[in-house]
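**Q** Sequence first, then the predicted structure:
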Amino acid sequence: MEPPHVIVLPYPSQGHINPLLQFAKRLASKGVKATLATTHYTLRSIGAGAVAVEPISDGFDHGGFAEAHNEDTYLKSFRENGSKSLSKLIWKYKNTSSPVSCIIYDSFLPWALDVAKQHGIFGASFFTNSATVCAVFSHIHRGTLTLPVKMEHEPLLLPGLPPLYDCDIPGFIKVPESYPAYLAMKMNQFLNLDKADFVFDNSFQELEGQEATSVEKWWPAKLIGPMVPSAYLDGRIEGDKGYGASLWKPLSEQCTSWLKTKPQESVIYISFGSMVSLTSKQMAEIAWALTCSNSYFLWVVRETERRKLPTHFVESTNGKGLIVAWCNQLELLAHPAVGCFVTHCGWNSTLEGLSLGMPMVAIPQWSDQMTDAKFIEDIWRVGVRAKEDEFGIASREEVLFCLKEVMEGERSEEMKRNARKWRELAKRAIDEGGSSDKAIDEFVKQLKISTG
Ligand code: UDP
């Protein structure tokens, strides 16, 4: 009998391709034929191993998102062109020995479910953010929470969730007019969700079971994460290239040969992910704190951000610091020389930090990152969060305090202990028979029955 065939469709940004590609690989390891459908522009950055890769059109085949004038234009074009090319892709396999039986689509692309239904196949929505964030947005979708969500004095109290103070609430819903296209994209995830045959979230039962359960009647998601390559969780990382998708070239050799010469847990690793754009002021505050920390540091500053670094900063680090344009983050978080992760708290980075047992300094910037930061500090207790001043800046003294707290402060040992505990729980969730592994097996079983 031929294995069931799924098409996996990520939103074409680094933080979405990584977990969906990893899911495709996990399904392939369980005997499912998985094809990643990705935009022409991102296709060249992906080496997917056991997963086939097929192009799909967003209407900007040469330059991707950067070619569109704005988010609205991009999303509209992706919807129109993507629907057609996804449909063509399903047709391509229709009369072969492996017709497509399910589209696993990024929840940011709900139109893919309509395509699945037109072809009479399963549609599975995959959420790439935390269950908590999904719960908050579910409440808005259901009308039990109204926009704007601004908590001046009291915290926001939602069933099953810890009290969320104003600084913990996702930015898009506090000031809905700030990023209207992104807010619409977040809300549209729920529009046709009741028609989806499966709903998945990149989280795990032990981490956010309670938060997911609190809204399961509206958002019946199976927690199947963390979607971090198992090799890293198992400590078998020799020669592993990470997710197998990198939109920028990782400077692995430069990073590892520099790290090789550094003592255990002596290096602070800093990254703000693939999208955040810091102000020059915030960069200067962080640069100052790093210089004064007396620790080694490795800072990922994307090419487009580099001009914001203080003048002569790079030369002034005197071998204590290395600044690179991009790296394989997993490789760094798994390196014995790294002892602290300064993160913007994107959901993938948060899960990677937890899964690799790394204590964190949270400096959230926008979107859901504030909510993730709250959990890092208060719920999972694996890090400290740099507080912002009245201008929205984490000051140099504040960042320095947080760095010291994680590297050598009073709470350092407790955070390291908790980080090790979460690493163990993350590994257990995806190991054979673990909570996420079982949820994936159940999905595979249903696919196999349907293709019978
Ligand atoms: N990443 C990487 N190299 C870097 C910085 C980030 O490989 O130098 C990866 C990181 O491992 C994560 C993704 O990029 O999987 C970023 O996703 P996240 O959700 O953390 O943040 P976003 O970029 O979406 O804001």
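**A** Sure thing, it's come through. These numbers were taken from a predicted model, which means no experiment stands behind them.
**Q** right, and the secondary structure at Gly49 would be what?
**A** Put simply, Gly49 is coil when judged by DSSP: H, G, I helix; E, B strand; the rest coil.
**Q** Report how many residues lie close to it.
**A** A count of nearby residues for Gly49, using other Cβ atoms under 10 Å, gives 11. To be clear about C-beta, it is placed using only N, CA and C from the backbone, and glycine gets the same treatment.
**Q** which ones are touching it?
**A** Lys25, Ala28, Gly244 (Cβ atoms under 8 Å, 6 or more residues apart in numbering).
**Q** could you dump those residues to CSV with pLDDT, secondary structure and distance to the ligand?
**A** Converted to CSV, the contacts of Gly49 look like this (pLDDT from 0 to 100; DSSP: H, G, I helix; E, B strand; the rest coil; distance: Cβ to the nearest ligand atom, whole Å):
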residue, pLDDT, secondary structure, distance to the ligand
Lys25, 95, helix, 14
Ala28, 95, helix, 19
Gly244, 91, coil, 11
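**Q** The nearest residue to Arg142 once chain neighbours are set aside and Pro159: what is the separation?
**A** Once flanking residues are discounted, Arg142 sits nearest to Trp218: 5.7 Å by Cβ to Cβ, 6 or more residues apart in numbering. Trp218 sits 12 Å away from Pro159, taking Cβ to Cβ, to the nearest Å as the criterion.
**Q** And the two? Which one has more around it.
**A** Comparing Trp218 with Pro159 by other Cβ under 10 Å, the one with more neighbours is Trp218, at 17 against 12.
**Q** State the mean pLDDT of stretch 332-351.
**A** Confidence over stretch 332-351 (mean pLDDT, whole number) is 97.
**Q** Which residue ranges of the stretch 201-350 of the chain form strands?
**A** Assigned by DSSP state E, counting those that start in this stretch, the stretch 201-350 of the chain shows strands spanning 222-223, 267-271, 296-300, 321-324, 338-343.
**Q** Also compute the angle for the last one relative to strand 296-300, please.
**A** Angle, strand 338-343 to strand 296-300, by axes from the mean of the first three to the mean of the last three Cα atoms, to 10 degrees: 40 degrees.
**Q** Centre of the chain to strand 338-343, how far?
**A** 17 Å (Cα atoms, centre = their mean, to the nearest Å).
**Q** next one: the fourth one
**A** Relative to the centre of its chain, strand 321-324 is centred 23 Å away, using Cα atoms, centre = their mean.
**Q** Need the mean per-residue confidence for that strand.
**A** pLDDT averaged over strand 321-324 gives 97.
**Q** Identify the neighbouring strands of it in the sheet and state each direction.
**A** strand 296-300 (parallel) (DSSP bridges).
**Q** mind listing what's buried in the strand it pairs with?
**A** Tyr296, Phe297, Leu298, Trp299, Val300 (16 or more other Cβ atoms under 10 Å).
**Q** Same question for stretch 40-51.
**A** Taking 16+ other Cβ under 10 Å as the criterion, stretch 40-51 shows His40, Tyr41, Thr42, Leu43, Ser45, Ile46, Ala48, Val51 as buried.
**Q** Would you mind extracting the C-alpha trace of it into CSV?
**A** Once non-C-alpha atoms are left out, stretch 40-51 reads as follows in CSV (Å, rounded to 0.1, in the frame of the first residue of the first chain):
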residue,chain,number,x,y,z
HIS,A,40,9.8,30.3,-5.5
TYR,A,41,11.8,32.9,-3.6
THR,A,42,12.4,30.7,-0.6
LEU,A,43,12.8,27.4,-2.5
ARG,A,44,16.5,27.8,-3.1
SER,A,45,17.2,28.1,0.7
ILE,A,46,15.7,24.7,1.5
GLY,A,47,17.4,21.3,1.6
ALA,A,48,14.7,19.1,3.0
GLY,A,49,16.2,15.6,3.1
ALA,A,50,13.4,13.0,3.0
VAL,A,51,10.9,15.7,2.2
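**Q** Let me know the pLDDT of the residue of the chain most remote from its centre.
**A** The outermost residue of the chain relative to its centre, with distances by Cα atoms, centre = their mean, is Asn95 at 35.9 Å. As predicted, Asn95 sits at a pLDDT of 92.
**Q** same deal with the one 10 residues further on?
**A** Here, the pLDDT recorded for Tyr105 equals 98.
**Q** hang on, it packs against Ser125?
**A** Yes: the pair Tyr105 and Ser125 passes the contact test of Cβ atoms under 8 Å, sitting 6.3 Å apart.
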